[in-house]
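Enquirer: Turn this into a model:
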Amino acid sequence: MLLGDLLSRFTDESIAAETIVGLGDLPLMARLSEQAEASGLSLGAYAAGAMRRYAAEASEEEWVTLMGMLRRAPDPGATCLHRALAHAVAESNQAQGAG
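Expert: Numbering: from 1, shown residues only. Model prediction:
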């Protein structure tokens, strides 16, 4: 399944949660859930928004890093999703620290 198709299915919370848990990073799942709740969004809506922000706002350096990771990844879609979600969590943490 294409990453875009998967993200469009994130309106179903069970699919969003299952996909994020499938990344194998439970601390990331917990942080995303906390941030989604704090934002007043469902996990799926928050994750899909995080992917859109990543695609629109990631730096050139971030894209170069991601491209290198994708070349070596057995599952490029999962790698991209994990990187984008981790990036969203890091940015949110930085914003909270600055505020």
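Enquirer: For the rest of this, base every contact and every neighbour count on C-alpha atoms.
Expert: OK.
Enquirer: Flag every buried residue along the host helix or strand of residue 83.
Expert: Using DSSP states H and E, residue 83 sits within helix 76-98. Across helix 76-98, burial judged by 16 or more other CA atoms under 10 Å covers 76-89.
Enquirer: Over to stretch 45-53?
Expert: Under 16+ other CA under 10 Å, the buried positions of stretch 45-53 are 45-51.
Enquirer: Let's have those residues in CSV, adding secondary structure and pLDDT.
Expert: CSV is the format used below for those (DSSP: H, G, I helix; E, B strand; the rest coil; pLDDT from 0 to 100):
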residue, secondary structure, pLDDT
45, helix, 93
46, helix, 93
47, helix, 92
48, helix, 91
49, helix, 92
50, helix, 92
51, helix, 90
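Enquirer: Out of these, which is nearest to residue 23?
Expert: residue 47 (12.9 Å; CA to CA).
Enquirer: Grab the nearest non-local neighbour of the closest one.
Expert: residue 85 (6.7 Å; CA to CA, 6 or more residues apart in numbering).
Enquirer: Next, the contact list for the residue nearest in space to the middle of the chain, please.
Expert: In the chain, the residue lying closest to the centroid (CA atoms, centre = their mean) is residue 85, at 2.1 Å. The neighbours of residue 85, taking CA atoms under 8 Å, 6 or more residues apart in numbering as the test, are 28, 32, 47, 50-51.
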